[in-house]
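*Asks:* Whatever this is, show me its structure:
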Amino acid sequence: MARRPLIVLAILYVVQGLPFGFQTAALGPYLRGEGVRLADIGFAGALAAPWMLKILWAPVVDAWGSARFGRRRSWIVPMQGLLACTCFAAAAIPEHGAITALLVAVLFMNLFAATMDVAVDGLALDLLRERGLGGGNTAQVAGYKIGMLLGGGVLAGATRWIGWNGLFVAMGAIVVAAMAITLAHQEPPSSESVHTTVRDVLRSLSRAMSGPGALTVAVVVATYKLGESLIDPMWPALLVDAGHAPEDIALWNGGIGMAASIAGSIAGGALATSIALDRALVICGVLRAIPLALQLAIAALGVPAVPELLAVIAAEHFLGGALTTAMFAFMMSRTDRTIGATHYTLLATIEVLGKSPLSLASGVIAEAVGYATTFAIGLGLSLAWSLGATMAPTRARR
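*Replies:* Presented below is the predicted three-dimensional model:
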C-alpha cells in the first residue's frame, strides 16, 4: 500500500484517540484528586458507551454516503466538525466544581469519535489488502495511541502551563487540522460491491457471523483483554493513594506509557506481518502477562522508586500495544469487505463489550478485596486467555 494513504489513516486515528486518551489517562487521576470514590471512578468507564453501541448505527454508515464527496468522507468530516465543537465547548468548563459538565462533554466526544471510527475503519478496509494488514493496523493502532498520548499525556501534563481550558482548545485545534487534511485527500472508490440499503448490510452481516469459525473468533476477541481491563482502571488510583501527584501519573501513563505503546504497536505489526496471525496473538498474549505480574507485585509489596515504576509502565504499555495490533490485524483478516465498516465494527464492539464489565466493576472489586487481590484476578484471567487462544482453532485467512 502506498505511504500517503497510510499517513492519512494514521492522522484520522490520531483524532479518534484524543478523547479516549483523556478519559483513560487523565480523567481518572483528576477525579481521584477531586475526591471521587474508587467505585465511581470505575463507573466513569461508562463514558465509553458509544464505542460499545456504535454497531447500532454502523449499518447506516455503511449504506449511506455521497459517492461524489466520498462514501466514507460523508461521515468522517461531519463527525470531525462536531468533535471539534465539543472540545471548544469543554474549554469553557471550570476546572473545579463542574464534574458533571465535564463528564457529559467527554461522553459526546466519544460519541462523535466512535461514529467517525466506523467510517474510518471502512475506509481502511477499502484501502488495505491482505498483505498490508500488519502495516495498516500499525498505522491504525499507532495513530490512535498517538492521539491518546496527546489527549491523555502531553496535553494533560502541559496543563501546568496552558491551563485546563488550554488542554481542550489544543484538542479542538488538532481536530480542525485533521479535518483540513481529510478535505484535501481524495477518497478512492471502493473496489468491493457497495450495499445501498441497511437491510442488505444486515443480511450480509448475518451470513458472515454464522459462518464457520465465527463464534470462536468472537470469543477470542471478547476475552483477550479481560485481565488488563480489571487492572488498568485501578492502576492510577493505586499510584495516587501511594502519594504520587495526579499530573505526574497522567504524564507517566499517557506520555511515557503511550510512547512505549506506540513502539509496541510497531513491533506487533511487524510480528503480525512475518508470522501467522494466530501465532502472533498467542506470543503477544503470553508476553503481555509479564508486566501484569509486575503490577501485582507492586500492589502487594509497595510502589518502588520512580525509575523502576516507569520501567513497569513502559513494559505494560509496550506489550499491550503489540497485542492490540496483532488482534486488530486478525479481526480485519476475518472481515467481509463488502460490509467492511459494519462487520469490523461488530468485532470491535465485541472487543469493547468483552472487557467493559470488569472495567466498570474494577472499583467495586478493589474496594471489596484490595488492590493486590484485584490485580491477581486480572493476571489469572490474562494467563487463562493465552492458554485458551493456544488451543482454539483461530487460524486466520492470509
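*Asks:* In this protein, where is pLDDT below threshold?
*Replies:* Applying pLDDT under 70 to the chain flags residues 1-3, 129-135, 189-196, 254, 392-398.
*Asks:* residue furthest from the geometric center of it?
*Replies:* Within the chain, Arg68 marks the point farthest from the mean C-alpha position, 30.9 Å out by CA atoms, centre = their mean.
*Asks:* Assumed that one was part of a strand.
*Replies:* No. Checked against DSSP: H, G, I helix; E, B strand; the rest coil, Arg68 lies outside a strand; its state is coil.
*Asks:* so where do the helices sit in the stretch 251-398 of the chain?
*Replies:* Shown for the stretch 251-398 of the chain, the helices assigned by DSSP state H, counting those that start in this stretch span residues 257-274, 277-301, 306-333, 340-369, 371-391.
*Asks:* closest one to Val60 among these?
*Replies:* helix 340-369 (9.2 Å; CB to CB). In short, each C-beta sits where N, CA and C put it, glycine included.
*Asks:* tell me which residues of that closest one are tucked away?
*Replies:* Neighbour counts over helix 340-369 (16 or more other CB atoms under 10 Å) mark 340-352, 354-356, 358-363, 365-366 as buried.
*Asks:* Also stretch 295-302?
*Replies:* Gln295, Leu296, Ile298, Ala299.
*Asks:* Kindly report the same for stretch 264-279.
*Replies:* 264-273, 277-279.
*Asks:* Next: stretch 204-221.
*Replies:* Buried residues in stretch 204-221, counted by 16+ other CB under 10 Å: Ser204, Leu205, Ala208, Met209, Val217, Ala218, Val219, Val220, Val221.
*Asks:* among the buried residues of stretch 295-302, which two are most distant?
*Replies:* Leu296 and Ile298 (7.3 Å).
*Asks:* which residue packs closest to Phe318, ignoring adjacent ones?
*Replies:* Leaving aside its chain neighbours, Phe318 sits nearest to Gly264 (3.8 Å; criterion: CB to CB, 6 or more residues apart in numbering).
*Asks:* I misspoke; the intended subject was Phe108.
*Replies:* With CB to CB, 6+ apart as the criterion, Phe108 has its nearest non-adjacent residue at 4.9 Å, and that residue is Thr86.
*Asks:* wait, the one you found sits on Met109?
*Replies:* Yes. Here Thr86 reaches Met109: they are 5.2 Å apart, a contact under CB atoms under 8 Å.
*Asks:* The two: which is more packed in?
*Replies:* Counted by other CB atoms under 10 Å, Thr86 and Met109 do not tie: Met109 has more neighbours, with 29 against 25.
*Asks:* So what's the residue count around Ile174?
*Replies:* Applying other CB under 10 Å, I find that Ile174 has 21 neighbouring residues.
*Asks:* how far away is it from Asp126?
*Replies:* According to CB to CB, to the nearest Å, Ile174 stands 25 Å off from Asp126.
*Asks:* likewise Trp164?
*Replies:* In terms of CB to CB, Trp164 sits 39 Å off from Asp126.
*Asks:* who has more neighbours, these two?
*Replies:* Applying other CB under 10 Å to Trp164 and Asp126 shows that Asp126 carries more neighbours, namely 20 against 16.
*Asks:* in what helix or strand does that one lie?
*Replies:* Assigning secondary structure by DSSP states H and E places Asp126 in helix 99-127.
*Asks:* How far does the next helix or strand after that helix sit from its chain's centre?
*Replies:* Downstream of helix 99-127, the first helix or strand assigned by DSSP H and E is helix 133-149. Here helix 133-149 is found 10 Å from its chain centre; the criterion is CA atoms, centre = their mean, to the nearest Å.
*Asks:* Dump helix 133-149 to PDB, keeping only the CA atoms.
*Replies:* C-alpha atoms of helix 133-149 as PDB (Å, rounded to 0.1, in the frame of the first residue of the first chain):
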ATOM      1  CA  LEU A 133      -2.900  -5.700   7.300                       C
ATOM      2  CA  GLY A 134       0.200  -5.700   9.500                       C
ATOM      3  CA  GLY A 135       1.400  -2.300   8.300                       C
ATOM      4  CA  GLY A 136      -2.100  -0.900   8.000                       C
ATOM      5  CA  ASN A 137      -3.000  -1.900  11.600                       C
ATOM      6  CA  THR A 138       0.300  -0.400  12.800                       C
ATOM      7  CA  ALA A 139      -0.900   2.900  11.300                       C
ATOM      8  CA  GLN A 140      -4.300   2.400  12.900                       C
ATOM      9  CA  VAL A 141      -3.200   1.500  16.400                       C
ATOM     10  CA  ALA A 142      -0.100   3.700  16.500                       C
ATOM     11  CA  GLY A 143      -2.100   6.700  15.200                       C
ATOM     12  CA  TYR A 144      -4.900   6.100  17.700                       C
ATOM     13  CA  LYS A 145      -2.400   5.900  20.500                       C
ATOM     14  CA  ILE A 146      -0.600   9.000  19.400                       C
ATOM     15  CA  GLY A 147      -3.900  10.700  19.900                       C
ATOM     16  CA  MET A 148      -4.200   9.100  23.300                       C
ATOM     17  CA  LEU A 149      -0.700  10.300  24.100                       C
END
